[in-house]
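In: structure for the following, please:
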Amino acid sequence: MLVQKCLTIRELVNEQAERLQLKVLNGDEGLDRKITSPRIQKPGLALAGYFAQIRAERVQVLGSTEVSFMDTLSSERRQEVLEAICQIPISCFILTKSMLPPPELISVGNKYKIPILQSSLQSSIFIRQISTYMEEKLALETSIHGVLMDIYGRGVLLLGKSSIGKSECALDLIVRGHRLISDDMVNIKLLPPDVLIGSGPEMIRYHMELRGLGIINIKDLFGVAAVRYRKKIELAVVMEEWKKEYEYDRLGLKESTVNILGVEVPLIKMPVAPGRNMAIIIEVAARNQLLKESGYYSARDFDQKVIDILSKKSKAKLI
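Out: Modelled structure (predicted):
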């Protein structure tokens with residue numbers, strides 16, 4: 001079950017005070033207010049009196065444009081407008097470029113217990129950095145039983161039931177020069193707009209369980225070049241026992257996908273049987289995926305050639 005993630009202002013300050021050059025100017029009582037959207041908002045229209053688009057779940061950033069506009073208003077009007085904005089339960093205000101808040105903002109912030117923070121960064125830099133942080137922090141997340149490998153620069157997720165041979169296949173791929181992100185469990189985050197990023201849980205990161213051998217550390221055994229911290233997931237391969245009665249795709253014309261956090265990931269079903277070198281086959285699948293991403297589908301190309309030849313023969317018979 002997916003749960004909407006949130007971040008408190010206190011966590012934001014504790015984790016990003018140095019990077020974002022943040023400090024709390026006022027409103028310590030409101031530091032446990034929550035941010036639930038990674039998007040920031042500049043409340044320019046609201047300061048002009050249009051409040052319909054103010055989003056409570058977003059950080060409100062006041063740059064030089066907003067502060068300059070407030071300076072043109074009378075004290076009574078500033079008080080009135082800020083009072084109306086703060087009646088919406090917004091998370092906080094952050095002023096950029098070390099600007100100071102007008103007295104009316106301090107007064108209204110105290111009344112509604114809304115924190116007022118300040119950053120010395122320029123607005124564009126601040127917005128870019130805080131957006132990157134919050135997209136990661138508030139990203140939807142799930143965990144999947146499987147192995148994630150970097151094969152030719154493509155993140156390949158190996159799925160299948162326990163003991164099907166995922167770890168052994170991953171070890172073969174590592175020996176062939178590819179890199180491990182995680183074995184057994186993969187944490188997956190959805191970053192906007194539709195990018196799935198997989199990584200390993202901290203406890204088991206870079207470790208692998210091999211039946212008969214036990215737990216091994218891939219980083220220690222093969223070096224740092226054999227592992228990666230995280231990787232975008234671009235292909236999923238389901239390893240399953242060969243079933244005689246099942247009609248496997250022999251042409252590769254069918255395109256299947258698996259839905260992970262709302263994103264459709266290309267999926268290949270790979271039957272496992274004695275004598276099949278799964279590492280080489282999955283390596284080829286990753287190469288083939290690279291070709292598809294560049295717009296070339298070898299199966300479709302072959303199919304079209306067959307159709308063209310049959311069409312020519314059919315016309316020749318008619319003549």
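
In: which elements pack onto the helix ranked longest in the chain?
Out: Secondary structure of the chain read by DSSP state H shows that its longest helix is helix 298-318. Counting contacts by 3 or more Cβ pairs under 8 Å, 6 or more residues apart in numbering; DSSP states H and E, helix 298-318 packs against no other helix or strand. The C-beta positions use only the backbone N, C-alpha and C, and glycine is treated the same way.

In: can you list the residues that contact that helix?
Out: Defining contact as Cβ atoms under 8 Å, 6 or more residues apart in numbering, one finds that helix 298-318 is touched by 251-253, 288, 291.

In: may I have the beta-bridge partners of residue 240?
Out: residue 271 (DSSP bridges).

In: distance of it relative to residue 198?
Out: As judged by Cβ to Cβ, to the nearest Å, residue 240 and residue 198 stand 21 Å apart.

In: so which of these two has more stuff around it?
Out: Applying other Cβ atoms under 10 Å to residue 240 and residue 198 shows that residue 198 carries more neighbours, namely 24 against 14.

In: mind checking how far the more buried one is from residue 160?
Out: Separation of residue 198 from residue 160 (Cβ to Cβ): 16 Å.

In: let me see the contact set for the most centrally placed residue in the chain.
Out: Residue closest to the mean C-alpha point of the chain, counted by Cα atoms, centre = their mean, is residue 191 at 2.7 Å. By Cβ under 8 Å, 6+ apart, the contact list for residue 191 reads 135-136, 139, 197.

In: quick one: which of these sit in helices?
Out: Members of the contacts of residue 191 lying in helices (criterion: DSSP H): 135-136.

In: flag every buried residue along the helix or strand of the chain with the lowest mean pLDDT.
Out: Lowest mean confidence among the helices and strands of the chain (mean pLDDT, DSSP states H and E): helix 298-318, at a mean of 84. Across helix 298-318, burial judged by 16 or more other Cβ atoms under 10 Å covers residue 299.

In: tell me which residues touch residue 81, please.
Out: Here residue 81 is in contact with 46-47, 49, 73 (Cβ under 8 Å, 6+ apart).

In: what about 6 Å?
Out: The contact partners of residue 81, by Cβ atoms under 6 Å, 6 or more residues apart in numbering, come to residue 47.

In: give the buried residues for the host helix or strand of it.
Out: Per DSSP states H and E, residue 81 falls inside helix 75-86. By 16+ other Cβ under 10 Å, the buried positions in helix 75-86 come out as 78-79, 81-82, 85-86.

In: again with stretch 191-211
Out: 196-200, 205-208.

In: for residue 13, which non-adjacent residue is spatially closest?
Out: Distance criterion Cβ to Cβ, 6 or more residues apart in numbering; nearest residue to residue 13, sequence neighbours excluded, is residue 22 at 5.8 Å.
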